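Visitor: can you look at this prediction? I've put the sequence above it.
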Amino acid sequence: MPLYELHAHTSECDIAAHTTAAELVRIYHAAGYSGMVITDHYFSHFYQWFADELHGKSHREVMARRPKGYYEARNEGEKLGFTVLPGAEVRFDRSPYGINDFLVYGCDEEFFLTASRLNELTSLEALKAILPEGACAVLAHPFRVNMTVIDPAPLFGIETHNGLTEPFRNGMAEAYAAHYGKAMTSGSDCHHRDHACKGGILTNRIIRTPRDLTDVLRSGDYTLHRGK
């Protein structure tokens, strides 16, 4: 059954990540995964980390630099017949939700090139208002230390298995999602090769596009993979 990773970071776009995009793809391909979503952090730190590189660039040029890890992963995936989709882990600069992070699925490359800076939005409602039809927002690792418990009504789903989060906290996330009837997702939250292959979804449906992914998530035709 095809297996897809839904939460992974690359060293091209995140100083907390220590695995290049191409290496990440090779690791997951060798482990039997069929594809992955690159969800590099989309927050203000990115513009600080790469300030010298981004200085004087146009909005589109800056936006084209932000998904560099995705581009590198996609190029490697094409060599291997491995699906790589664009995604993001968004944190709002002036957030009513503290340091909570939201995984965005279902957006194509053009959306990330042309949309306003997602980190400068101020609410989930504002984010949902600009997402393409079918795209969705999922609350990442909701019960980590310093996360804020929020009203889940605006959310499509909740990440109930996170490969870098303690099992009891994942269990709390699952109970939270079940209570409110929210879709559940799983991801490794991979920042290093040792974090790889600890999450994802299994489905009989082939995922090749961002819309394919959200169609599967909305259908419920998948099971959570909780790693080795």
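Guide: Perfect, I can see it now.
Visitor: leaving out chain neighbours, which residue sits closest to G187?
Guide: H7 (2.5 Å; CB to CB, 6 or more residues apart in numbering). Placement of C-beta: from N, CA and C, glycine included.
Visitor: an error on my part: the question was meant for V25.
Guide: E76 (4.2 Å).
Visitor: wait, that neighbour touches R26, no?
Guide: Yes: counting by CB atoms under 8 Å, E76 does reach R26; the two are 6.8 Å apart.
Visitor: on that earlier part again, make sure the residue nearest to V25 is indeed in a helix.
Guide: Yes: assigned with DSSP: H, G, I helix; E, B strand; the rest coil, E76 falls within a helix.
Visitor: what sits against it?
Guide: Residues in contact with E76 (CB atoms under 8 Å, 6 or more residues apart in numbering) are A21, A22, V25, R26, F82, V84.
Visitor: mind redoing it with 7 Å?
Guide: A21, A22, V25, R26 (CB atoms under 7 Å, 6 or more residues apart in numbering).
Visitor: so how far is V90 from it?
Guide: Separation of E76 from V90 (CB to CB, to the nearest Å): 25 Å.
Visitor: with A8 instead?
Guide: 15 Å.
Visitor: name the residue in these two with the higher neighbour count.
Guide: Ranked by neighbour count (other CB atoms under 10 Å), A8 and V90 place A8 first, with 33 against 23.
Visitor: my read: that one touches H191, true?
Guide: No: look at A8 against H191 with CB atoms under 7 Å: they stay out of range, at 8.3 Å.
Visitor: can you show me the helices along this protein?
Guide: If DSSP state H is used as the criterion, the helices of the chain fall at 21-30, 44-49, 51-54, 59-65, 68-80, 109-114, 124-130, 167-180, 210-219.
Visitor: mean confidence (pLDDT) on the fifth one, please.
Guide: For helix 68-80, the mean pLDDT works out to 98.
Visitor: flag every buried residue along that helix.
Guide: Within helix 68-80, the residues that count as buried by 16 or more other CB atoms under 10 Å are K68, G69, Y70, Y71, E72, A73, R74, E76, G77.
Visitor: now the angle between helix 21-30 and it, please.
Guide: Per axes from the mean of the first three to the mean of the last three CA atoms, to 10 degrees, the angle that helix 68-80 makes with helix 21-30 is 40 degrees.
Visitor: send the alpha carbons of helix 68-80 over as CSV?
Guide: Written as CSV, here are the backbone C-alpha positions of helix 68-80 (Å, rounded to 0.1, in the frame of the first residue of the first chain):
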residue,chain,number,x,y,z
LYS,A,68,14.1,26.0,-2.3
GLY,A,69,14.1,22.7,-0.3
TYR,A,70,10.9,21.6,-2.1
TYR,A,71,12.5,22.4,-5.5
GLU,A,72,15.6,20.3,-4.7
ALA,A,73,13.4,17.5,-3.4
ARG,A,74,11.1,17.5,-6.4
ASN,A,75,14.1,17.4,-8.8
GLU,A,76,15.5,14.4,-6.9
GLY,A,77,12.1,12.7,-6.8
GLU,A,78,11.7,13.0,-10.5
LYS,A,79,14.8,11.0,-11.0
LEU,A,80,13.4,8.2,-8.8
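Visitor: ok, residues contacting stretch 21-36?
Guide: So stretch 21-36 is contacted by 2-5, 8, 10, 12, 38, 69, 72-73, 76-77, 80, 82-85, 190, 193, 196-197, 200, 207 (CB under 7 Å, 6+ apart).
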